[in-house]
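S.K.: I would like the atomic coordinates for the input below:
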Amino acid sequence: MIWSVLASIVLGAQPIADEGVVSGDTRFEVVAVIKVPANPHGIAFSADGSRAYVACAGADRIAVIDTQRNEVVEELAGGSVPLDVMLEPGGEGLIATQFRGDSLVRVPIGGGKIEAVVALGEGPSLFMPRARRGRQYVVCERADLVYEVDPNGKPARHWSTGDRPYPGDATDDGILLFVPNRDAGTVSVIDTLNDTAVTQTRVGEHPEGGALTGDDVSYVVACGGSDELKYINTASFEVVATVSDGIGPRPFSVAMTRDGRYGIVNNAGGRTISILDVENRKVVGRLAVGTMPIVVRMHPDGKRIYVSCEGDGTVHVIRMTRQSPAPPPAPDKKTEVVVMGMIHSGHRTSERYSLDVVRGLVRAIGPNEILTEIPPNRFDEAMKEFRESGHITEPRVSRFPEYVDAIFPLLNEMDFRIVPCAGWTAQMSDYRNARLGQIAKDPARKDQWAEYEASMERMERELDEIDGQDNPRVIHSTRYDRIVDAALEGPYNEYFNDDLADGGWDNINAKHYALIARRLDAIRGRGERVLITFGAGHKGWILEHLHERDDVTLLDVGPFLDRVEQGK
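M.R.: Predicted coordinates for the structure are as follows:
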């Protein structure tokens, strides 16, 4: 991140588009070039987006840009080599990194003296492009450390990285942090929930920046020494794809558009940005900007992209617009939804709710889509294994026989889409299990734990009394849901939900349902039939929230069971 590196770079001719780049219905074009003080880097925006604050490292200044007039309206003192800034929660000051040193400072926006905030490791450089759940991360490039800081810049924790870390990115829930290590050629993966370093994934030469895809399935890292992008799966932490065609010299970072469709890659060894089609993993064009584009930040409106160009002291503003008219509204037809409670390994041993019954129900329901308890970052590998060999060994998916022995094989005879909708992660599970173990041994919570155990025992007893352990008719009844909800919404949720973070009962169901709702929103009005397959304990929670939607018609499982039993 040393800004004086410019002197050592030889710029070459680039195949560029001055008139803009069009991909499908989206057009990218430069609409403004703003001159700023020397060596601009990180950019932050006011809450309303009317101001952009640009850290100008070579001038020790922070340029204030009016984003409507596209001009610098003020300069603030920035300290010693400010590489990046972030806005304070109240909007009255900026927190700036001091690359020549080891500190963060506060810069009053309305004028006043710069104040020291805290000393970190040597060489603090860039923040993440945006905070996650109120947490921000900054790397200390010469100390091989990454710090978690609060919105006021006060550090909470830090972790060791590989050699010479560059700015990282975190999953939307803030649990996994990915930090590229330039000199090590690796990406550090840090589990912030369990406060541990998970692994270092080897990638291309000189990884210098990256971003999570909108669905958190992949981390895309720019490898400046090998002029390529690497996709890292966020479950296996393995490189699953490489993109090099269309990437310019020294790709420095990746910034994702708000809709997640495109990644903006700044080619710091030249004068272009590459526009990445994220899903199809291909570059759709390159756009001319200034010399040595070093940092890319998205404006809060989601329509403008700001690129600071270190070599010529400019900020280029790129506008992203939809070229074609909006498609006509979909027919106003409700989505038919069936929620099927699964008993997982019990399907292999139960006669009444066997895998044959599962297969029969899916055939009888005839869904267009099946929304499954599979995490999105596990799905591609499972599907690849199934297509190549007919067998699935992916750990999370293979534990559910309803998928590996029923639903996936039914793809060979039926036409439906499998959609992964589980919010679960291995890190959440590890944290939940460890935290429950601590609570169980805590004398101060003895009564809570006893009440929780009693409620679970009561649930099992009541399910036995109504023949509800593996009877599909009982499982798909409101009585079953009331019994299960009384236990899981009772002491377990009341006492432990907050303790278990994202793995708490309400919290994990909310994450599941957010993915379900997103998919239902995407197909709203088409009149499709959707089957939702989650563990039977989740069924009542999901149904309660589906009842709040006005675009779905809920169908009972009973009539489909009748057809299965009648052999139809």
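S.K.: need the helices for the stretch 401-550 of the chain, in chain order.
M.R.: Using DSSP state H, counting those that start in this stretch, the helices of the stretch 401-550 of the chain run over residues 401-402, 408-410, 426-440, 446-465, 472-475, 478-487, 493-496, 505-522, 536-546.
S.K.: could you say what helices and strands the longest one packs with?
M.R.: Right, helix 446-465. helix 426-440, helix 478-487, helix 493-496 (3 or more Cβ pairs under 8 Å, 6 or more residues apart in numbering; DSSP states H and E). The C-beta positions use only the backbone N, C-alpha and C, and glycine is treated the same way.
S.K.: of the ones you listed, which approaches V296 most closely?
M.R.: helix 426-440 (28.4 Å; Cβ to Cβ).
S.K.: So which residues make contact with the closest one?
M.R.: 175-176, 191, 193-194, 235, 396, 445, 448-449, 496, 499-504, 508 (Cβ atoms under 8 Å, 6 or more residues apart in numbering).
S.K.: re earlier: okay, the helices of the stretch 401-550 of the chain in JSON lines with mean neighbour count, distance to F386 and mean pLDDT next?
M.R.: Formatted as JSON lines, the helices of the stretch 401-550 of the chain follow (neighbours: other Cβ atoms under 10 Å; distance: least, Cβ to Cβ, whole Å; pLDDT from 0 to 100):
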{"stretch": "helix 401-402", "mean neighbour count": "22", "distance to F386": "14", "mean pLDDT": "98"}
{"stretch": "helix 408-410", "mean neighbour count": "18", "distance to F386": "5", "mean pLDDT": "98"}
{"stretch": "helix 426-440", "mean neighbour count": "16", "distance to F386": "21", "mean pLDDT": "96"}
{"stretch": "helix 446-465", "mean neighbour count": "15", "distance to F386": "33", "mean pLDDT": "97"}
{"stretch": "helix 472-475", "mean neighbour count": "20", "distance to F386": "25", "mean pLDDT": "97"}
{"stretch": "helix 478-487", "mean neighbour count": "18", "distance to F386": "31", "mean pLDDT": "96"}
{"stretch": "helix 493-496", "mean neighbour count": "18", "distance to F386": "35", "mean pLDDT": "96"}
{"stretch": "helix 505-522", "mean neighbour count": "18", "distance to F386": "20", "mean pLDDT": "97"}
{"stretch": "helix 536-546", "mean neighbour count": "20", "distance to F386": "24", "mean pLDDT": "97"}
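S.K.: got the ones you listed as JSON lines, with distance to V220 columns?
M.R.: As requested, the helices of the stretch 401-550 of the chain are exported to JSON lines (distance: least, Cβ to Cβ, whole Å):
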{"stretch": "helix 401-402", "distance to V220": "32"}
{"stretch": "helix 408-410", "distance to V220": "28"}
{"stretch": "helix 426-440", "distance to V220": "20"}
{"stretch": "helix 446-465", "distance to V220": "42"}
{"stretch": "helix 472-475", "distance to V220": "42"}
{"stretch": "helix 478-487", "distance to V220": "40"}
{"stretch": "helix 493-496", "distance to V220": "36"}
{"stretch": "helix 505-522", "distance to V220": "21"}
{"stretch": "helix 536-546", "distance to V220": "32"}
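S.K.: out of these, which comes closest to R202?
M.R.: Using Cβ to Cβ, those put helix 426-440 closest to R202, at 20.9 Å.
S.K.: continuing past the helix or strand hosting E336, what's the next helix or strand?
M.R.: If you go by DSSP states H and E, E336 is part of strand 335-342. Downstream of strand 335-342, the first helix or strand assigned by DSSP H and E is helix 355-365.
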